[in-house]
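> Next comes the sequence, and after it the predicted model I'd like to discuss.
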Amino acid sequence: MRDKDGTIVIIGAGASGLACMNELVKTNKYNIIVLEQSNKAARKILASGNGRCNVSNLNMDIKYYNHQDPLIEKLIKEFDVVNFFKQLSLKLRYEKNLVYPYSLSSLSVKNVLMKNMDNVSYIDNCEVLAIKKAKTYEIITTNGHYQADKIVIATGSPASHLSGQNNLKMLEKMHISMIPFTPSLVQVKTKPVFKALKGQRVKGIAMLYDQNQLIEKQTGEIMFTDYGLSGICVMQLSRYLEHLKNPKLVLNLLPDIEKEEFQHYGLEGFFHEKIVQVFKEKNIDPRCLEFKIIDTMSIEKAQVCHGGVSLKEVDENLQLKKYPGIYVCGEALDVDGDCGGYNLHFAFASGVHVAKSIKK
Ligand SMILES: Cc1cc2nc3c(=O)[nH]c(=O)nc-3n(C[C@H](O)[C@H](O)[C@H](O)COP(=O)(O)OP(=O)(O)OC[C@H]3O[C@@H](n4cnc5c(N)ncnc54)[C@H](O)[C@@H]3O)c2cc1C
């Protein structure tokens, strides 16, 4: 392919790669190639928010991410998600602070992100295995070799079964510092387990302790499973587990109910009969249920991962300091956030940031 202002290869057709591509195609200056390992683009976008795609959060703050890094803070705050999707002709709607496509369908998000695909070369079933620096960059894939003046690594993390498993393999021999991927926003295995309550959802406060010290608490939905606990509350707390020695969860399923009221109504007045049965059998007080956390579920079950390319390796353009012309965005970077649109927001923001840096 003959160069215009050069060839840019974007590796990964997910949220960050597609956001980057859409910003780059605005100027007709580059040959753009998008390489995708699977046979489908945007698979995590489709799965996001239970198919509704929670694209962002109005309450945007660096405290909802794993690094209190000034560059990441600037990037997430400067990115205007409404305008980004307005330019792609997608109207958004709000449910409290959560931002969704107006259609409440993740397919709408995928479709608008893909509508400029005709202006680029898109190659799927093409897994990138290695990058070699020559005069330009050479990209070695399962589907041949590609030359690039600039490369955007937008390969995400191995979280969930919807991802590739070799997200950063291409960097392995390039002496780039990478934090190993571990599951975040993931269900937990507990002791005890209430198998009979599998699938039962309750609302309450979940408190995470380590060595009897309160680490964090969350209010919201908790789900019993046959291995332990799930639900947004529990997934949020799973983000803190990595460095804890002896974590336990304490649930209060009646946080706003006085003792007298509880005595008046009894368990039957508040809970599903399956829950009543188990709680009675085991003499459980719903205001104080303790679970030892044995482990998290595996990366394939997680929504997001901790880990990725260390922020120390990139400059303010998210360009690798050791390899000018190679940029990293989205979950491939060691940045992850809470549930509630923070991860997609960062994926879009960082993808657009990289594209703007390239255009500069
Ligand atoms: C079930 C589920 C629900 C979620 N819900 C939400 C939500 O509601 N809100 C929210 O903010 N976040 C949500 N997330 C997280 C969010 O989807 C991700 O953080 C986001 O998609 C990451 O974007 P990305 O571009 O970094 O990676 P991805 O979207 O994963 O894209 C990476 C792409 O690169 C490809 N790839 C990987 N390795 C290679 C390789 N070697 N060569 C070529 N291609 C490669 C992958 O196949 C993939 O298409 C959810 C995640 C899951 C799994």
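Structure's in. What do you need? Residues are numbered from 1 along each chain as shown.
> Now do the same for Asn50: helix, strand or coil?
Under the three-state scheme (DSSP: H, G, I helix; E, B strand; the rest coil), the conformation of Asn50 reads as helix.
> And it, how close does it get to the ligand?
According to Cβ to the nearest ligand atom, to the nearest Å, Asn50 stands 7 Å off from the ligand. For glycine as for every other residue, the C-beta is placed from the backbone atoms N, C-alpha and C.
> That residue: how many residues sit nearby?
9 (other Cβ atoms under 10 Å).
> what's the answer for Met117, then?
As a measure of burial, Met117 has 17 neighbours, counting by other Cβ under 10 Å.
> Dihedrals phi and psi, it?
phi -60, psi -30 (degrees, to the nearest 10).
> Now do stretch 74-81, average pLDDT.
Mean pLDDT, stretch 74-81: 98.
> Please disregard the earlier target; I meant stretch 150-159.
Rounded mean pLDDT across stretch 150-159 is 98.
> That stretch near the ligand at all?
Yes: with Cβ under 6 Å from any ligand atom as the criterion, the ligand is reached by stretch 150-159 at Ala154, Thr155, Gly156, Ala159.
> So which elements touch the longest helix along the chain?
If you go by DSSP state H, the chain has its longest helix at helix 342-359. Packing contacts for helix 342-359, counted by 3 or more Cβ pairs under 8 Å, 6 or more residues apart in numbering; DSSP states H and E, involve helix 15-24, strand 56-57, helix 70-78, helix 81-87, strand 150-153, strand 326-328.
> Any chance of the ones you listed in TSV with mean neighbour count and distance to Lys40 as columns?
Shown next, in TSV, are these (neighbours: other Cβ atoms under 10 Å; distance: least, Cβ to Cβ, whole Å):
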stretch	mean neighbour count	distance to Lys40
helix 15-24	27	12
strand 56-57	26	23
helix 70-78	16	28
helix 81-87	16	21
strand 150-153	28	19
strand 326-328	27	23
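> Which one of those lies nearest to Met223?
Proximity to Met223 (Cβ to Cβ) singles out strand 56-57 among the helices and strands packed on helix 342-359, at 22.1 Å.
> Now tabulate the residues of stretch 150-159 next to the ligand in a markdown table and tack on secondary structure and neighbour count.
Formatted as a markdown table, the residues of stretch 150-159 next to the ligand follow (DSSP: H, G, I helix; E, B strand; the rest coil; neighbours: other Cβ atoms under 10 Å):
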| residue | secondary structure | neighbour count |
| --- | --- | --- |
| Ala154 | coil | 32 |
| Thr155 | coil | 33 |
| Gly156 | coil | 28 |
| Ala159 | coil | 27 |
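> from those, which single one is nearest the ligand?
Gly156 (2.4 Å; Cβ to the nearest ligand atom).
> could you list every residue that touches the closest one?
Contact partners of Gly156, counting by Cβ atoms under 8 Å, 6 or more residues apart in numbering, are Gly12, Gly14, Ala15, Ser16, Lys44, Ser163, Gly164, Asn167, Gly330, Glu331, Ala332, Ala347.
> Check the spacing between the fourth one and the ligand real quick.
The span separating Ser16 from the ligand equals 3 Å under the rule Cβ to the nearest ligand atom.
> how about the nearest residue to that residue, chain neighbours excluded?
In space, and not counting its chain neighbours, Ser16 is closest to Gly330: 2.8 Å by Cβ to Cβ, 6 or more residues apart in numbering.
> how about the helices of the stretch 201-350 of the chain, start to end?
Ranges of helices in the stretch 201-350 of the chain, per DSSP state H, counting those that start in this stretch, are 232-238, 259-265, 273-281, 342-359.
> And the ones you listed: which comes nearest Val202?
Checking the helices of the stretch 201-350 of the chain against Val202 by Cβ to Cβ gives helix 273-281 as the closest, at 7.1 Å.
> Report the buried residues of the closest one.
Neighbour counts using 16 or more other Cβ atoms under 10 Å place Ile275, Val276, Val278, Phe279 of helix 273-281 among the buried residues.
> Going by distance to Ser357, which of those wins?
Once Cβ to Cβ is applied, the member of these that ends up nearest Ser357 is Ile275, at 52.9 Å.
> burial count for Ile33?
22.
> ok, it - contacts?
Met1, Thr7, Ile8, Val9, Ile10, Val120, Ser121, Tyr122, Ile123, Tyr146, Ala148.
> Out of these, which sit inside helices?
Those of the contacts of Ile33 lying in helices (DSSP H): none at all.
> Of those residues, just the buried ones, PyMOL syntax please.
PyMOL command restricting the contacts of Ile33 to the buried ones, with burial defined by 16+ other Cβ under 10 Å:
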select buried, resi 7+8+9+10+120+122+123+146+148
